[in-house]
Structure formats: structure tokens, C-alpha cells
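>>> What follows is a predicted structure for the sequence shown.
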Amino acid sequence: MATLLSPPHYDTASRADERIIPMESLWRKAPAEVMSSDRADRIVLSRWASPEIGVTEVSKDDADGYHVIAIAMQKANVNFWASGRQFLYGAVSSGAIVLTGPSQPCRAIFHGPFDVLHLMIPQSVFSEGLESAHGKPSSDIAICETLLFRDSNIERLAHALLAADSMAGTIGHIYADSISLALVRWLLTQHVGHRSASGRDVPPLPKWRLSRVLEYIEERFCDSVTLRDLAAVSGLTRMHFAAQFRVATGQRPHEYVLRRRISHAQELLRDPNFHIAEVAYNTGFQSQAHFATVFKKVVGETPSNWRRLQVPSGGRL
């Protein structure tokens, strides 16, 4: 069971945290802190956006060893070249997707405002995803280095990723990792190589692995739990674990952890001696405001209203 903390002081204002999707100062180049060696096996998220009216011309010789998914998050006017071949010319609607390989030189000219979400996929994750999606070694799968397409599921997942910036702390990172892996798996299953039945059928996480993971979550759900931690406990890679956990539980890992935090918060709220800010702190939320927003979304009531219904006599709110 998670340990209850009793801090001498709790600040109800939101505490600063690193951005989950940082803005790019250089096109297709995420800030150095999110490209560090300890994140070498993670999908890197970044955003290239500007509201300015004018012409922005950019180029990059390679993708730093990453496969790059570029998703237009709004309508734009852009010309785009990869390996000297032009793929986009003029108006681009929201949801357009371009996938490029690690060694491809790219160039673009943006006319007016633009907003592009970039997912930078390490070769190790890309190969793992191909094998998971198609059920055979990635070396046996023929892929096209540049793809241009639309996919409503990927567009929805991209918008879900943008919501991660409002989810400060560990939950936001687990959420972003889970959605990123789901997006990449869908892309590789549906648009790269030849689809196979084995790639589309994901087995549930075996009961013994699931039991270990749930026990780990129960002991630490109010602490800093990452998708990497949960995958390590299960003995699987993050991509395999995330997919199998969802099949076994009906929830993504971040959703399960979040609901355990809310459940624990409900237990504390029944005690009128706990201030709502203390409940937020002791259940791992970054601020009372963030806690109240998430609680209402999950439970359907604000923490104070829920407490009044459970503890009619009130208490210290």
C-alpha cells in the first residue's frame, strides 16, 4: 500500500515541470535534454510551430538516427522535399502525415502559420515495432523510406499526445509513452510492410506477469512510476508490454495507475481531517487544481462535492 506523506507545508499552486512535448528551436531537432543517452530507447516528442505570417525555409541533412513521423496539427501551406523528391506542394490539411527515414536529407518551406508534431523513433524501437506488428524479423520486411498518407486513428492519437502537456508529472510521461507506442504500432501495422494476422492479434499479458505488474503498481502508484519500470517488471519491452497490458485489463498503463491514485484519494477524502491539498500531495498530483480536474473527469464530481456526499458533516476542506 502506498505510504501516506505528511509534508510540513503544501503549496497549492502548480509546480513547474519539464514539458512533455518541447518546442523545437531547430526544425526536426528536439532539445538536447530529451535526446540524452538515458532516453536512447524512447520515442522523442517535439513540436515545430509558429503563428507568424511569412515564409520559413528550413533544411536538415539527416534525422540523427531517428525515423521521423511528422503530423500536421493544423492547415498549412508547405512545400516539402525528402532525398531531393518533393512530396508536399501548397495547401496541407490538418492530419497529413509524413514518415521519413534516419538518413534522409529533408527540406521544407512554410508559407504562413504552421503546427507540426514530430515523433522521433529510434531504430531499435522501429525494428521492435515492425517485428511486433508483422510477426517476423524486421530485416525480412520491405519498407518504403518515405510515406505520405492520412489516418484518422493516428490523427486522434496525435491530439491525445498534445493533451499530455497539461498532465504534469509522472502520469503525463506514462500517458505520452503509452500513446506514442500505440501510434507507432498502428502506423507500422497499417502502413509499413505487408500486414499479417499475427501482427494484428495482440495476446493478453500472461497472468503471472500481470500479477507482478499489479503488485508493483500497488506498492508505488503514488510515486514516480514510468512505463519503462512497468515493462521491466513484466520482463517485456515497452511496446509489447503496453499492448498486452491493455488487452489484459482494458486500460492503458497510465489509465490504470491514474485510477488507482483516484481510488486512494477517495479513501483519504473520507477522513475529514485531511485537507484536499494534502490528499492531492499524498496521491502524487502536482497541484490541488490538477488533482481536482482529474478527479472530476474520473469520478464525475469535484473532490469537495464528492466529500460532502460521502461525509455530510463536512470537515476541513
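Thanks, I have the structure now. Residues are numbered from 1 along each chain as shown.

>>> so where do the helices sit in the chain?
Here the chain has its helices, by DSSP state H, at 123-134, 152-162, 170-191, 197-200, 207-220, 227-234, 238-249, 253-269, 276-282, 288-299, 303-310.

>>> Where does the prediction get shaky in the stretch 201-317 of the chain?
201, 311-317 (pLDDT under 70).

>>> any idea how far Lys75 is from Glu255?
32 Å (CB to CB, to the nearest Å). All C-beta atoms are positioned from the backbone trio N, CA, C, and that covers glycine.

>>> Looking at those two, which is more packed in?
Glu255 (18 against 15; other CB atoms under 10 Å).

>>> roughly how far apart are that one and Ala160?
Distance from Glu255 to Ala160, counting by CB to CB: 12 Å.

>>> what residues are shared contacts of the two?
The contact sets of Glu255 and Ala160 do not overlap (CB atoms under 8 Å, 6 or more residues apart in numbering).

>>> picking that back up, quick check: which of the helices of the chain is nearest to Gly90?
helix 152-162 (20.1 Å; CB to CB).

>>> Can you work out which other helices and strands pack against that closest one?
Packing partners of helix 152-162 (3 or more CB pairs under 8 Å, 6 or more residues apart in numbering; DSSP states H and E): strand 66-72, strand 114-122, helix 170-191.

>>> one more time with 6 Å, if that's ok
helix 170-191 (3 or more CB pairs under 6 Å, 6 or more residues apart in numbering; DSSP states H and E).

>>> can I have the helix it packs on written out in CSV, keeping just the CAs?
The C-alpha trace of helix 170-191 is given here as CSV (Å, rounded to 0.1, in the frame of the first residue of the first chain):
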residue,chain,number,x,y,z
THR,A,170,4.8,11.0,-14.0
ILE,A,171,1.3,10.4,-15.2
GLY,A,172,1.8,12.7,-18.1
HIS,A,173,5.0,10.9,-19.1
ILE,A,174,3.4,7.4,-18.8
TYR,A,175,0.5,8.7,-20.9
ALA,A,176,2.7,10.1,-23.6
ASP,A,177,4.9,7.0,-23.7
SER,A,178,1.8,4.7,-24.0
ILE,A,179,0.1,6.8,-26.7
SER,A,180,3.3,7.2,-28.7
LEU,A,181,3.9,3.4,-28.7
ALA,A,182,0.3,2.8,-29.7
LEU,A,183,0.6,5.3,-32.5
VAL,A,184,3.8,3.8,-33.8
ARG,A,185,2.4,0.3,-33.6
TRP,A,186,-0.7,1.3,-35.5
LEU,A,187,1.4,3.0,-38.2
LEU,A,188,3.7,0.1,-38.6
THR,A,189,0.9,-2.4,-38.7
GLN,A,190,-1.3,-0.5,-41.2
HIS,A,191,1.1,1.4,-43.4
